[in-house]
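J.: Pasting the sequence and the predicted coordinates here, then a few questions.
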Amino acid sequence: MKKIGILTGGGDCPGLNGAIKWLVKTCEDPGTGAVPFEVIGIRDGWKGLVKGDPDRLQPPFSDFGEEGYFKRLTSAEVRPWDRQGGTRLGTSRTNPFNPKNDRSDVVIRNIERLGLYAIVAIGGEDTLSVAAKLSERGIPTVGIPKTIDRDLAGTEYSIGFETAVNVITEEVDRLRTTAGSHSRTFVVETMGRHAGHLALQGGMSAGAYVILIPEHDYDVGEVNALVARRRQAGVRYSIVVIAEGAKARGGSVVQRTSGLDDFGHVNLGGVGEVLAQEIAKGTGLETRAVVLSHLQRGGTPCAYDRRMARNFGICAVNLIQNGQTGRMVSFLDGKYTSVPLSEIIGKLSLVDVEREYDTRLYNGKRTILPL
Ligand code: F6P
């Protein structure tokens, strides 16, 4: 039986386990007489193929163990996984093509030793850039889009986004009661890296008063004027949602720590606290910052993510069945489809400010249908 390897890379999020479950189920029973595949789970993303010993292939239902990176997956084992958050395969931000430490030859050797016919990588742009490079080197790969940032090009949805939007909505609802009781302004910092989708969609769902995104630099004076105006109108509190990658006009992004990860990314975080202090200073209103941080990636997947994960997992198997590798499963214009991996690498999908964002009110656009 041909073998398919599956791994999850980059930041975890709810929905990953559902995609794995449905990939395994579809491989075992592809329907209409199609030939089934065996599935090998790879632990900790690309790191597993760098560090793992293919001779140590674990059976289903066993732990990977300290040194184990590969195990067979069966539908009996993955049956309850779709309700679980995180990733049962573990994850890492390992980049085997890091020019400072290129381990791509090890990865390719291990893929051959495992006898993998194809690899399915569930990840964001970083993880899928490795899949794209392996595809160029002749390894059949398929990508499944996942990231709460929803910043992948070539797809309008990535697994985890909607659950993270739900978390933001719930947490802001929670903040409202205490904000109102104390007449405080709250600045809520969301994730999203250099894309504002999470802040904008989360902020709109939560009914935030002001939403600040990386795609449009904010003016502190204008934010303060908006907050002060609302207070003068008799509203006791304001919720300001800010994306971690947003920056003040003329300023720069705020970093949580210096240094870069294996893919060369900065570690963003802390802009919420900076803005809270500016608002307190500029308006005289008591202002607090809350960083939602990894809570946005935690917990069980929402209904939408369960469905998308299921369908993306099945699509990945369908692509392999059709010999359409070197592609990422995608959701475009309300339909499941696929795009070449090479076309999505090195690009980011950002908020279209003109179409989606009101730069005067710092919130979602109020003209949705053409006037
Ligand atoms: O890309 C997903 C993401 O959650 C970003 O929104 C965030 O900046 C980053 O990962 C955080 O990474 P880590 O889990 O390594 O702190």
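T.: All right, it came through fine. Numbers count the residues shown, from 1 in each chain.
J.: Identify each buried residue in stretch 298-309, please.
T.: Buried residues in stretch 298-309, defined by neighbour count with 16 or more other CB atoms under 10 Å: 299, 301-302, 304-306, 308-309. Where C-beta positions appear, they are placed from N, C-alpha and C, glycine not excepted.
J.: same question, stretch 176-192
T.: Quick answer for stretch 176-192 (16+ other CB under 10 Å): 179, 184-192.
J.: Do any residues in it lie close to the ligand?
T.: Yes - using CB under 6 Å from any ligand atom, stretch 176-192 comes into contact with the ligand via 191-192.
J.: Could you check how far that stretch is from the centre of its chain?
T.: Remark: stretch 176-192 is offset 24 Å from the chain centroid, using CA atoms, centre = their mean, to the nearest Å.
J.: Using CSV, list the CA coordinates for it.
T.: Output in CSV follows, covering the C-alpha atoms of stretch 176-192 (Å, rounded to 0.1, in the frame of the first residue of the first chain):
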residue,chain,number,x,y,z
ARG,A,176,-17.2,44.7,28.9
THR,A,177,-18.8,44.0,32.2
THR,A,178,-15.7,44.9,34.2
ALA,A,179,-14.9,47.9,31.9
GLY,A,180,-18.4,49.3,32.4
SER,A,181,-18.3,48.8,36.2
HIS,A,182,-15.0,50.7,36.5
SER,A,183,-15.6,53.1,33.7
ARG,A,184,-12.3,52.0,32.1
THR,A,185,-11.0,51.9,28.6
PHE,A,186,-9.6,48.5,27.6
VAL,A,187,-7.0,48.0,24.8
VAL,A,188,-7.2,44.4,23.6
GLU,A,189,-4.1,43.1,21.7
THR,A,190,-4.7,40.3,19.2
MET,A,191,-2.3,38.2,17.2
GLY,A,192,-2.1,38.2,13.4
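J.: Mind checking the pLDDT average for it?
T.: Averaged across stretch 176-192, pLDDT comes to 97.
J.: Downstream of the lowest-mean-pLDDT helix or strand in the chain, the next helix or strand is which one?
T.: Using mean pLDDT, DSSP states H and E, strand 255-260 stands out as the lowest-scoring helix or strand of the chain, at a mean of 92. Downstream of strand 255-260, the first helix or strand assigned by DSSP states H and E is strand 266-268.
J.: Mind giving me the packing neighbours of that following strand?
T.: strand 255-260 (3 or more CB pairs under 8 Å, 6 or more residues apart in numbering; DSSP states H and E).
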